[in-house]
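S.K.: Curious how this folds, go ahead:
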Amino acid sequence: MRVTILCLFVVVLSSCAKTKSKVIRNQNVGPALGTSYSLIYLANEDLDFQKEIDSVFLQINKSMSTYIPNSDISRINAGEEKLVVDTMFAEVFKLSKEIYENTNGYFDPTVGTLVNAWGFGPEKQIMLDSMRVDSLMNYVGFDKVALTNANTILKEDSNIYFDFNAIAKGYAIDRLGVLMNQKGIENYLLEVGGEIVSKGWNSIKQKPWHVAVTDPEGGEHKTVIALKDRAMASSGNYRHFRIDQKTGRKYVHTINPKTGYTQNGSTLAVNILAENCATADAYATALMAMSLAEAKNILNKQKGLDAYIIYLDVDNETKEFMTDGFKQLLVP
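M.R.: Okay, the predicted model is just below:
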């Protein structure tokens, strides 16, 4: 009888182990926010959160898309003063304010007027010279706007134009992460337009999530890192730029809010790791507009960040800078 009970106990344990080891890879892919997304979430059953995922993107667009005329941000840009913004807009505004201050103004969502003027926004591109740029700079500065206790927006000048595109995509992924957490998902890898949020690990392959870092000079990738319970965002002028058809001159999408001009600097790409993707997204944008020395100074002050920066030295040779935290995540 003891032998029989022991055998039954072993069989039960074996059965439980097999049940627990069953992991299903669920994935949703598609277009959103002017780019594409791929959301991988692991569970012990087939799941499909497409309806909830679509709802998150819909809410983000309704709140912060400058390409939708009746979104909250478009209505505020058009001059509405009494519009009460939603929780998402308020959270992004507050985080933007914090990062604006931490980066000495290099991250500034009020640069939207210049984004449009240089041809990278939803509004009409205009011809720019130094006098015109100086004039438009009067409408730039996050210290010129405020969020009231009633969740309305105050602007010193009605021409100030918000553009949260450098943080909204990261924030959207964070909201998708909240969705997964609410659904009880413990292991996931969420990607929207190259920005990533991870949780847990790849329990199918029994290893951490492996994420490739894009090569800004056109190679397959620069390196691969193991990502767990962290977010990564990247920014680079290799992604978004335009060529003037008349002059052939290249204009990159990074606008320096200090000067008002597109930033054709030596930095090729910035990859930021942070606790959440909205923060990583914003800092990646800010560091693209800085010199390498300024970027290193910011990273030394912001202990929650790690970075991998690819740049050209004085001899026009490609160089790399990594924080120690980023180096520790490299996959051999």
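
S.K.: which stretches of the protein form helices?
M.R.: 2-21, 50-64, 72-77, 87-102, 112-117, 130-136, 165-182, 277-288, 292-301, 324-327 (DSSP state H).

S.K.: Quick check: which of those is nearest to P31?
M.R.: helix 50-64 (9.5 Å; Cβ to Cβ). Just so you know, the C-beta spots here come from the backbone N, C-alpha and C atoms, and that holds for glycine as well.

S.K.: hmm, who's touching that closest one?
M.R.: The contact list for helix 50-64 (Cβ atoms under 8 Å, 6 or more residues apart in numbering) reads 28, 32-33, 39, 68, 71-73, 85-86, 88-89, 92, 164, 168, 171-172, 175-176, 179, 183.

S.K.: from those residues, which would you call buried?
M.R.: When those are checked for burial by 16 or more other Cβ atoms under 10 Å, the buried set is 28, 32-33, 39, 71-73, 85, 88-89, 92, 164, 168, 171-172, 175-176, 179.

S.K.: Can you report how many residues neighbour D315?
M.R.: 6 (other Cβ atoms under 10 Å).

S.K.: going forward can the numbers begin at 14, since that is how I track them
M.R.: Let's use 14 as the start, then, which means that last one is D328.

S.K.: circling back: per-stretch mean pLDDT over the helices of the chain, give me the minimum one.
M.R.: Per-stretch mean pLDDT for these is lowest at helix 15-34 (a mean of 45).

S.K.: Residue ranges in the stretch 214-345 of the chain under the pLDDT threshold?
M.R.: Across the stretch 214-345 of the chain, the ranges flagged by pLDDT under 70 are 250-266, 276-278.

S.K.: buried sites along stretch 73-90?
M.R.: 73-79, 84-87, 89-90.

S.K.: Sorry, wrong one. I was asking about stretch 37-44.
M.R.: Applying 16+ other Cβ under 10 Å to stretch 37-44 flags N39, N41 as buried.

S.K.: now that stretch: mean pLDDT?
M.R.: Mean predicted confidence for stretch 37-44 is 98.

S.K.: Off-centre distance for it?
M.R.: 19 Å (Cα atoms, centre = their mean, to the nearest Å).

S.K.: and the residue lying closest to Y184 once chain neighbours are set aside, what does it touch?
M.R.: Spatial nearest neighbour of Y184, chain neighbours left out: A291 (4.0 Å); criterion: Cβ to Cβ, 6 or more residues apart in numbering. By Cβ under 8 Å, 6+ apart, the residues touching A291 are V105, L108, I180, A181, G183, Y184, D187.

S.K.: Neighbours of the second one, how many?
M.R.: Residues lying near L108 (other Cβ under 10 Å) number 19.

S.K.: you'd agree it is up against I180?
M.R.: Yes. In this structure L108 lies within contact range of I180 using Cβ atoms under 8 Å: 7.0 Å.

S.K.: Overlap of the contact sets of these two?
M.R.: Counting by Cβ under 8 Å, 6+ apart, the residues touching both L108 and I180 are A291, A295.

S.K.: need the strands for the stretch 164-313 of the chain, in chain order.
M.R.: 166-168, 200-205, 208-212, 222-226, 236-240, 244-249, 254-256, 263-265, 280-287 (DSSP state E, counting those that start in this stretch).

S.K.: can I have the fourth one written out in PDB, keeping just the CAs?
M.R.: Think strand 222-226. What follows is strand 222-226, C-alpha atoms only, in PDB (Å, rounded to 0.1, in the frame of the first residue of the first chain):
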ATOM      1  CA  TRP A 222      13.600  38.400 -23.300                       C
ATOM      2  CA  HIS A 223      16.200  39.200 -25.900                       C
ATOM      3  CA  VAL A 224      15.900  42.500 -27.600                       C
ATOM      4  CA  ALA A 225      18.000  43.700 -30.600                       C
ATOM      5  CA  VAL A 226      19.300  47.300 -30.700                       C
END
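
S.K.: give me the number of residues near the closest residue to L286 other than its chain neighbours?
M.R.: Nearest non-adjacent residue to L286, counting by Cβ to Cβ, 6+ apart: D319, 4.2 Å away. Look at D319: counted by other Cβ under 10 Å, it has 23 neighbours.

S.K.: likewise Q219?
M.R.: 9.

S.K.: Could you pull up the residues touching T161?
M.R.: L167.

S.K.: ok, for V344, nearest residue in space, not its chain neighbours?
M.R.: V344 sits nearest to V237 (Cβ to Cβ, 6+ apart), 4.4 Å away.

S.K.: Do I have it right that the one you found meets P345?
M.R.: No. Here V237 does not reach P345: they are 9.1 Å apart, not a contact under Cβ under 8 Å.
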